[in-house]
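Student: sequence unknown, structure follows:
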């Protein structure tokens, strides 16, 4: 594209455009297969050939992608939006939703090897001489009309249990945090694939032009025991415009979005217009899709300068809302405040809101730590359900609560009557969903007396993902994107829709 | 130990199709050598013929043995199999006799003339071919290698899905293509043939393959819808599965069409919904492979919603500033949102909204300062399932506009000016509707 050689170039706009869009892979494809087709189309006339040669489309795979997107929706959707409360670290199912009274009599006994059945353990507890069974320190009670067992650590969740669809038989393939979260969010343990929210944005687009359709909020009051990486809401190989946008918890929820001090912003629009024309100039000569993404992001950022401060300001919420969500909710950046924010974003038709709350990785000192975690999240979680319900939003919003795996029935480290820890357990753990399309006051799946193995109705991570997409109207087998010569899916080559939890 | 023996016998039986090719090749070679030896340059081959014949006989032994074991599985047409077995044993015996004639012990008593020997070798080759042909008939069916393949015209392709005969044009070709290799009169795996409706109704070892109207009793339907990893799954042994469209068509045929034959699609009750799928299977225009998808995943759709909608109308609604989403394509179900605080006057949108009215299923007019008179347009939307009107100064006067919404699942009247009396009234009018009416 050097200016010095312009004399030697063919000066037709079509050629210039094609020239820019051809990367190595497509060059090879088109010159080998394409030339034959081109020759044939000249002979037969373009009409006979049906589809014209792939022209300079702005997106990756051109015609294929159009075929994929034009087939959506595959089902009548049940949900328009999702709020996914991700409890990072792996909350213990045994202290929350899984009532296993028989464990009390087995206190301190070694976990029978017939139960463990050769299951691999992490390096943290694999060398223990005994795997002592640790019953829950906390009592369980029946809650709601459904009479669902809920731990005393979750008194507020117990109040809304009739709205929940509790799945006790999730299982995952990964045993450590990062691969397990990456698996949950992207369908693959290795980084590099698009996350659920990005797939949904790619498939369904946005319902609100002034806000990103995939927004991530991270609580400041969760203990940062395990890190979170931006790739968990990354777009992977999808075009960059589909990536999730993280809203921070401080004064500036979106970094560098507000005007700096001493600048009144009067000429901001003019400045952005000039920047945009520069970008377009660049795009005209290089045609890099990233430039187009950048232009779109600047435009979105400009609109967000108005929309974001308005939506992120929860101070104008009435007092009864703060009372509902609990005392933390007045402190921006806490989980409770993020729950209020999530509700506001959902009201604005943001499609996928994901909250991350860290600190559930309780290898030791579990009783104290899980009490704190529940205290920080229980009331606000329940309030979010109640709030969405009274606003009529639970009709078409899907709420999801859960972590990347569960925890072991045996204690990691020393077991005493008041203290113990639990190691990672991917073979069965609990999540819940509520709202659009899922059964209310319902429990799905059976586990054994140790909450160690699944007895009935297992739900693999890919099954969960397939079901989530189904509720949004998408067939997980048909939402694909071609990258490096292969069509990729969120659920790879697996995933079955969990029909048993659907209304 | 018995189980072990059974396994080995099955395994040996399955070796038969491999082993039979040894005698075929070797015996052909005997003939070839015998003929070539007539040319002086190759005269020395004459001495090789007895050795080759002996080798041929020895290779016949395991072929016969394994074939005998395989015949015990009972999955084959009895008469063809008996003929094949007799021919096979005869072939082995004939080979042995012919070999004997070449041996010095025999030749001392009786010298077989060279030409007669060659003729007998020809006869041996002919018997080999005949036996092989019978074997092929058992494996591939009697129509596998016939001239009819070259000459026979298939049924004329129907010109439209409505004129297609459900069994003859649609179901039968699927079954023959996907199941016919093993389940046909000459092979009869599991004693089942799919070659005619009667054979399907009669079924095989595991009961009738098809029971009209009863999917749960139709063994064939059960087998093709199992988990592909299940040992009872059909087609077995990794042969190509039925596509989901084919399965849906078969399901409809058994369940809704009473597994009938000799009827056109248009003569069957309620066949309209399945026509696009039929057309897609037949490769006709107007096909839509999505039609009649897995019912358990597809929510029943209100039949009053018009199937089609002018796409230009959607564009027009969008230029008005409405957010228009397609909830489903056939029928065209719309989800329309008037962005909050849009400042739009509904009177400007009324005409185009009315035109698309029967296709609108979800509607969101929330927070737009609409008053009662704006809502007359809702009368044009009888198929609404979700209606959001919250945040508008609406009063009890809109009741009459909502009364006809038979399909309404939820109605949001939060932050409106509805009175408690009005609320009671609307609850009576719309008993199946979830109504939200709070001051927030």
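Tutor: Yep, it's here. All values derive from a computational prediction rather than experimental measurement.
Student: Can you report how many residues lie near residue A:429?
Tutor: Neighbourhood size, residue A:429 [other Cβ atoms under 10 Å in any protein chain shown]: 29. Where you see a C-beta, it was placed from the backbone N, CA and C, and this is true even at glycine.
Student: Could you list everything it pairs with in the sheet?
Tutor: Taking DSSP bridges as the rule, residue A:429 bridges to residue A:170.
Student: how far does stretch A:351-364 sit from the chain's center?
Tutor: 11 Å (Cα atoms, centre = their mean, to the nearest Å).
Student: mind checking the end-to-end distance for it?
Tutor: Terminal residues of stretch A:351-364 lie 37 Å apart, using Cα to Cα, to the nearest Å.
Student: Tell me if that stretch is near chain B.
Tutor: No. Using Cβ under 8 Å from any Cβ of the partner chain, stretch A:351-364 never reaches chain B; the gap is at least 10.9 Å.
Student: in that stretch, what counts as buried?
Tutor: A:351-363 (16 or more other Cβ atoms under 10 Å in any protein chain shown).
Student: Now that we have the residues you listed, can you turn them into CSV and tack on pLDDT and secondary structure?
Tutor: Formatted as CSV, the buried residues of stretch A:351-364 follow (pLDDT from 0 to 100; DSSP: H, G, I helix; E, B strand; the rest coil):
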residue, pLDDT, secondary structure
A:351, 96, coil
A:352, 97, strand
A:353, 97, strand
A:354, 97, strand
A:355, 97, strand
A:356, 97, strand
A:357, 97, strand
A:358, 96, coil
A:359, 95, coil
A:360, 96, coil
A:361, 95, coil
A:362, 95, coil
A:363, 95, coil
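Student: May I see the residues you listed organised as JSON lines, with distance to residue A:433 added?
Tutor: Formatted as JSON lines, these follow (distance: Cβ to Cβ, whole Å):
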{"residue": "A:351", "distance to residue A:433": "16"}
{"residue": "A:352", "distance to residue A:433": "14"}
{"residue": "A:353", "distance to residue A:433": "15"}
{"residue": "A:354", "distance to residue A:433": "14"}
{"residue": "A:355", "distance to residue A:433": "15"}
{"residue": "A:356", "distance to residue A:433": "18"}
{"residue": "A:357", "distance to residue A:433": "17"}
{"residue": "A:358", "distance to residue A:433": "21"}
{"residue": "A:359", "distance to residue A:433": "22"}
{"residue": "A:360", "distance to residue A:433": "18"}
{"residue": "A:361", "distance to residue A:433": "23"}
{"residue": "A:362", "distance to residue A:433": "24"}
{"residue": "A:363", "distance to residue A:433": "28"}
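Student: closest to chain B among those residues?
Tutor: Distance to chain B across the buried residues of stretch A:351-364 (Cβ to the nearest Cβ) is lowest for residue A:351, with 10.9 Å.
Student: Now that the closest one has come up, it's in contact with residue A:198, right?
Tutor: No. Using Cβ atoms under 8 Å, residue A:351 is not in contact with residue A:198, being 11.0 Å away.
Student: overlap in contacts of those two?
Tutor: In terms of Cβ atoms under 8 Å, 6 or more residues apart in numbering or on different chains, residue A:351 and residue A:198 are both contacted by the residues residue A:214.
Student: Downstream of the worst-scoring helix or strand of chain A on mean pLDDT, the next helix or strand is which one?
Tutor: The weakest-scoring helix or strand in chain A, judged by mean pLDDT, DSSP states H and E, is helix A:35-44 (a mean of 54). Next along the chain after helix A:35-44, taking DSSP states H and E as the criterion, comes helix A:63-70.
Student: Perfect, I'm done here.
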